Structures are given as structure tokens and as C-alpha cells.
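**Student:** What follows is a predicted protein model with its sequence.
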Amino acid sequence: MTVDASTLDMEARVLRRPHCQPSHIEKNRHLEPMQRKDTWLAGAVGIVLYIFLPISAQGQGYTPYLRGAEHTGALQLEVLKEAQDTLRYALVAHAASLNYDSKKKRLYNTVERARKLHLNVVKIFSPEHGFTGSFSAGEHVEDEAVDGVKIPMVSLYGSHKKPTAEDLADVDAVLFDLQDVGVRFYTYISTLTYVMEACAEFNKPLIVLDRPNPFANVVDGPVLDTAFTSFVGLHPVPVLYGMTMGEYAQMVKGEGWIRGADSLQLHVIPCVDYHREPVSFPDEAPPSPNLPNAHAIALYPSLCFFEATPVSVGRGTDAPFEWLGAPWMDSTGFSFVPMPNTGATSPKFQGETCQGWDLRETPIHPEQGLQLNYLHDVYHAYADQVGDSLPAFFTSFMDKLAGGTSLEDALLAGQTVQEIQASWQPGLEAFMQIRSRYLLYHVMPIPAPAKGPPSAAPAKKTKKPTKKGAQ
């Protein structure tokens with residue numbers, strides 16, 4: 001049987017389940033139930049797979065996207081002009097550190113903005129993927145030279161994740177302005193943590209130029225067990241922690257999650273006119289090469305678990321984190337072949353045909369949070385194959401992505417999606433208490449409808465007096 005994602009609405013039987021838990025959204029409300037569609041995978045090896053697609057987000061009250069570049073803290077960079085003109089700054093930034101000039105109606109990088117304000121930026125630190133954002137995940141990045149930027153650049157990735165005493169010797173203060181996406185295993189919050197530690201250790205003030213992110217109002221997923229800390233998860237927070245960079249920095253300092261937290265001089269320049277709405281990013285410079293658009297970002301926290309499995313998430317294709325598949329899957333009517341490209345120099349299943357799904361037309365929105373059904377059902381399809389020669393579905397990287405063994409253990413034990421989500425709730429509730437102490441932005445209240453007359457009956461209209469004979 002061949003079924004692709006575009007025909008599931010006609011050919012699949014419909015199941016329904018609540019798609020989020022009470023702590024899923026800061027507003028503490030349930031969204032409408034999400035339909036899931038069963039489909040395919042029947043073949044020579046007897047695979048059965050259910051992939052559930054969320055129904056359209058239209059009409060369900062989801063918060064519309066804002067353009068993030070119009071609300072950045074860097075738009076208020078002028079406040080630093082009040083400081084001494086002799087201060088030497090290091091700027092942690094990349095190509096996605098973009099801001100929108102409403103007067104000139106154009107985008108500009110924070111590096112450009114700092115130079116126009118005559119701030120003395122003596123050094124640029126870049127994160128994973130480099131300043132240009134053109135390096136693939138995990139690729140070693142040497143110090144870069146970027147056309148038109150004469151400021152020295154230093155990579156904070158690989159073996160050099162934390163600024164050294166030498167790096168900061170000619171610096172008086174550090175500015176931090178990376179475009180985060182709000183997902184724990186996205187490494188920019190780890191870079192933030194190491195920069196915070198260095199600033200505390202070497203007595204350098206840290207100024208975070210805050211930015212909105214798509215998941216800043218969503219709290220979901222397993223909370224990290226600190227026995228499994230790594231660069232893709234340093235702190236006991238859930239996969240979706242529902243905070244901006246500035247809020248996260250305040251939490252790391254306030255909870256003492258770095259050495260010397262009490263001595264860190266931390267300042268946050270907040271976002272402009274922001275109320276925790278999900279945001280989209282400019283096409284000119286996505287936050288990283290494999291998250292090219294808002295749809296891929298919305299799928300990212302749900303699909304990234306497949307990085308630790310024999311399944312491709314489309315790295316090395318035109319639609320990373322929007323295509324899903326593997327050579328071992330039966331025909332679905334859709335296939336792709338990963339090949340080296342700018343964002344993936346050595347993609348999984350390079351040169352092999354992967355059967356799977358094109359999810360580009362699947363409605364998904366950040367407020368839907370973590371869609372565990374993808375991992376749950378692909379895992380069971382793999383496990384149901386006949387034969388004992390198959391390698392394990394999960395690699396050791398899964399424990400780092402999930403922040404512990406609980407998710408893998410639950411899947412191996414045959415727990416349902418609902419049972420796994422329910423097991424997250426105590427940890428999420430405890431985290432929400434911590435998180436609440438550091439929030440800088442609050443959801444704009446929905447205006448209450450105008451109150452009508454006490455009676456349910458409509459008021460009778462009274463006729464205006466008219467002159468005799470008037471019509």
C-alpha cells in the first residue's frame with residue numbers, strides 16, 4: 001500500500017487525542033484536540049506504522065507569528081552610548097543577529113549597528129555553524145574572515161567553547177546577541193552558559209541583547225537529568241523551556257547553575273513590544289543552515305530525536321526537518337536521497353534512497369509543542385520488523401537529546417504517547433515554578449467582550465417622535 005502525506009486525509013482512519021498537557025502553554029489552557037491519521041507501512045517485512053498529522057492550525061486560536069527582527073533588544077543598543085566611549089566590547093553574534101530598521105525599511109546586523117553607533121567592538125565571537133551560519137552541525141569552525149567585517153572573529157565551538165583569559169584580555173564588556181529557537185538541544189543556550197562562566201571568572205560585565213523566539217511561550221517535554229549533561233543540554237530544563245535568551249540567562253545566574261554566578265555582572269536589554277508571541281525569522285539569514293523556515297523550526301523539537309536513530313530528518317536535502325525517511329522503510333510514494341550540501345557535509349544515508357514523508361504541507365505551529373507521535377510510531381514500526389539482526393534503534397546520543405534514559409525506556413516498554421507525556425508532568429510543574437521567577441514578558445491579555453444588558457432579551461427599539469404626517 002502506498003500512501004503519501006498529501007493523501008492521508010482520505011485514506012486513513014481518524015484517531016483523536018489531547019495534544020498537550022496542562023503545563024504545555026504558559027496560558028495554562030488546553031488547545032483543541034488534534035486529529036491524528038493512521039497510515040501505511042505494510043511490506044515484505046510486515047512493518048506497520050502510524051504517523052499522525054495535526055489538523056490545520058487555522059481557527060484554533062493560535063497566536064500569529066511576529067517578525068522577530070522587529071522586536072529585538074538590539075534595537076535599543078543606543079542605551080550603551082551612555083557608557084564610556086573608551087569601553088572595548090566583544091560581541092557574540094552571527095549572521096542571524098538581524099534587526100529591522102522601520103525608518104529605512106531594511107534589515108541590518110547588530111555588528112553593523114554597533115559600528116554605526118561608534119561602539120568600540122574589538123572582537124566577535126561566533127557559535128556553532130560559524131558567523132556566516134554556513135557550517136554544518138558539529139563541523140569544526142576555524143576563526144573566520146567575513147567580507148566587509150574587519151573585526152577579528154573567534155569561534156566558540158569544538159574544543160574552544162568557552163572564552164579564555166587571553167580572549168577577554170583586551171575586552172571590557174561582552175555583548176551577547178544570538179538568535180535562539182527556544183529548544184534545549186539547540187546549542188546557542190550552551191554557548192550563552194559558557195560565555196556567562198567566562199565573564200564571571202574574568203570579571204567582565206555581560207550584556208544580553210534579548211530576542212524573541214518561536215517557543216518562548218511553550219513548556220513541554222522531559223526535564224533533563226543532570227547526570228546526562230552535555231553541550232546539547234547543560235541544565236535541568238525541559239526540551240521546550242519557554243524562555244528568551246535574556247530570561248534564560250537570568251535563570252542560570254539566579255539558580256547558581258554556573259561557577260561564580262553571584263559575581264556575574266549580568267544586564268539584559270529587553271525585547272521591544274513583545275508578549276511571548278511566536279516569531280518568524282528573515283529568510284536572508286536563518287538561525288542555522290538546517291532550519292531554513294518557520295515550518296521546519298516548528299517541527300524541529302519533535303523530529304530532532306531521530307538524529308539518534310536510523311532515520312533521516314532530511315539533512316543533505318532541500319527540506320531539512322521537513323522530510324523524514326530511511327532506506328529500511330517500505331515505499332510510501334515519496335523518497336529522497338541525502339547528498340552533501342552547505343548545511344550537511346556528510347549527511348546520514350548519503351547517496352541512498354530514503355522512503356518516507358514530505359511534511360512541508362503538514363500544518364504545525366509552535367504552540368502545538370512536542371509531537372511525540374512521530375518518534376513513537378516510527379520506533380514501533382522498526383521494532384515490529386521480523387528478524388533479530390536489526391541493530392538497536394537508539395544510539396547513545398538519544399540519552400543526551402532526551403536528557404536521560406526515561407524517554408527511551410518508556411518507548412522500549414511499550415508505553416503510549418499519553419502515558420509518556422503524563423510522566424513528564426511532575427518535572428514540568430516543578431520547572432514552571434523556577435521559570436516564573438525570571439520571566440520578563442507576559443502574554444497580552446485578551447480584551448473582555450463588552451458587557452450587554454442584564455436581561456438576555458434584546459432591548460426594544462423605541463420610535464423617534466415624528467411630526468404629524470411625516471413618513
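**Tutor:** Ah, there it is. Numbers count the residues shown, from 1 in each chain.
**Student:** average pLDDT across the helix or strand hosting Asp409?
**Tutor:** Taking DSSP states H and E as the criterion, Asp409 maps to helix 406-412. Summarised as a single mean, pLDDT over helix 406-412 is 97.
**Student:** Surely Asp220 touches Leu370?
**Tutor:** Yes. Counting by Cβ atoms under 8 Å, Asp220 does reach Leu370; the two are 4.5 Å apart. C-beta coordinates here come from the backbone N, C-alpha and C atoms, glycine included.
**Student:** which neighbours do these two share?
**Tutor:** Common contacts of Asp220 and Leu370 (Cβ atoms under 8 Å, 6 or more residues apart in numbering): Val239, Leu240, Pro301.
**Student:** Show me which of these is closest to Leu407.
**Tutor:** In terms of Cβ to Cβ, no member of the shared contacts of Asp220 and Leu370 lies closer to Leu407 than Val239, at 9.6 Å.
**Student:** check contacts around the closest one.
**Tutor:** Val183, Arg184, Phe185, Asp220, Gly221, Pro222, Pro301, Leu370, Ala402, Gly403.
**Student:** Assumed it was part of a strand.
**Tutor:** Yes. Counting by DSSP: H, G, I helix; E, B strand; the rest coil, Val239 is located in a strand.
**Student:** and the gap between it and Leu87?
**Tutor:** Going from Val239 to Leu87 by Cβ to Cβ, to the nearest Å gives 38 Å.
**Student:** which stretches of the stretch 151-300 of the chain form helices?
**Tutor:** For the stretch 151-300 of the chain, helices defined by DSSP state H, counting those that start in this stretch occupy the ranges 165-168, 188-201, 245-254, 294-303.
**Student:** now the angle from the longest one to helix 245-254?
**Tutor:** For helix 188-201 against helix 245-254, the angle by axes from the mean of the first three to the mean of the last three Cα atoms, to 10 degrees is 50 degrees.
**Student:** check contacts around Val181.
**Tutor:** Val181 neighbours (Cβ under 8 Å, 6+ apart): Tyr188, Asn213, Pro214, Phe215, Pro287, Leu291, Ile297, Tyr300.
**Student:** Kindly state the beta-bridge partners for Ala90.
**Tutor:** Judged by DSSP bridges, the bridge partners of Ala90 are Lys123, Val174.
**Student:** And the pLDDT for it?
**Tutor:** 97.
**Student:** What distance do you get for it to Gly404?
**Tutor:** Taken as Cβ to Cβ, the span from Ala90 to Gly404 is 35 Å.
**Student:** Tell me which of those two has more neighbours.
**Tutor:** Ala90 (28 against 18; other Cβ atoms under 10 Å).
**Student:** Go ahead and confirm the more buried one touches Leu119.
**Tutor:** No. Using Cβ under 8 Å, Ala90 makes no contact with Leu119, being 11.1 Å away.
**Student:** pLDDT weak spots in the stretch 301-450 of the chain?
**Tutor:** Along the stretch 301-450 of the chain, segments meeting pLDDT under 70 span 386-389, 446-450.
**Student:** One more: the stretch 51-200 of the chain?
**Tutor:** 51-61, 129, 133-149.
**Student:** distance between the biggest helix by length in the chain and the chain's centre?
**Tutor:** Criterion DSSP state H: the longest helix present in the chain is helix 417-435. Centroid displacement of helix 417-435 relative to its chain, using Cα atoms, centre = their mean, to the nearest Å, is 18 Å.
**Student:** Next: stretch 415-423.
**Tutor:** On Cα atoms, centre = their mean, the centre of stretch 415-423 falls 22 Å from that of its chain.
**Student:** Quick check: chain neighbours aside, which residue is closest to Val237?
**Tutor:** Spatially, and ignoring its direct neighbours in sequence, Val237 is nearest to Arg184 (5.8 Å; Cβ to Cβ, 6 or more residues apart in numbering).
**Student:** Show me how this structure divides into domains.
**Tutor:** Residue ranges for the domains of the chain, per automatic domain parsing: 5-64+288-435, 66-280.
**Student:** of all the ones you listed, which lies closest to His442?
**Tutor:** Of these, the one closest to His442 (Cβ to Cβ) turns out to be domain 66-280, at 6.7 Å.
**Student:** Give me the distance from the closest one to the chain's centre.
**Tutor:** For domain 66-280, the separation from the chain centroid amounts to 15 Å (computed by Cα atoms, centre = their mean).
**Student:** what kind of secondary structure is Thr86 in?
**Tutor:** Strictly by three-state DSSP, Thr86 counts as coil.
**Student:** residue contacts, it?
**Tutor:** Asn120.
**Student:** next one: Tyr300
**Tutor:** Contacts of Tyr300 (Cβ under 8 Å, 6+ apart): Val181, Val183, Tyr186, Leu291, Phe321.
**Student:** Show me the residue at the heart of the protein, geometrically.
**Tutor:** Val181 (3.3 Å; Cα atoms, centre = their mean).
**Student:** Pull the number of nearby residues for Tyr186.
**Tutor:** Neighbour number of Tyr186 under other Cβ under 10 Å is 22.
**Student:** wait, doesn't Pro127 sit right on His94?
**Tutor:** Yes. Counting by Cβ under 8 Å, Pro127 does reach His94; the two are 6.0 Å apart.
**Student:** Identify the contacts common to the two.
**Tutor:** Leu178.
**Student:** and the closest residue to Val111 other than its chain neighbours, how many residues sit next to it?
**Tutor:** Closest residue in space to Val111, ignoring its immediate chain neighbours: Ala93 at 5.8 Å, by Cβ to Cβ, 6+ apart. When neighbours are defined as other Cβ under 10 Å, Ala93 has 26 of them.
**Student:** With Phe231 instead?
**Tutor:** 16.
**Student:** gap between the closest residue to it other than its chain neighbours and Ser230?
**Tutor:** Leaving out its chain neighbours, the residue that sits closest to Phe231 by Cβ to Cβ, 6+ apart is Ser190, at 5.1 Å. Separation of Ser190 from Ser230 (Cβ to Cβ) stands at 9 Å.
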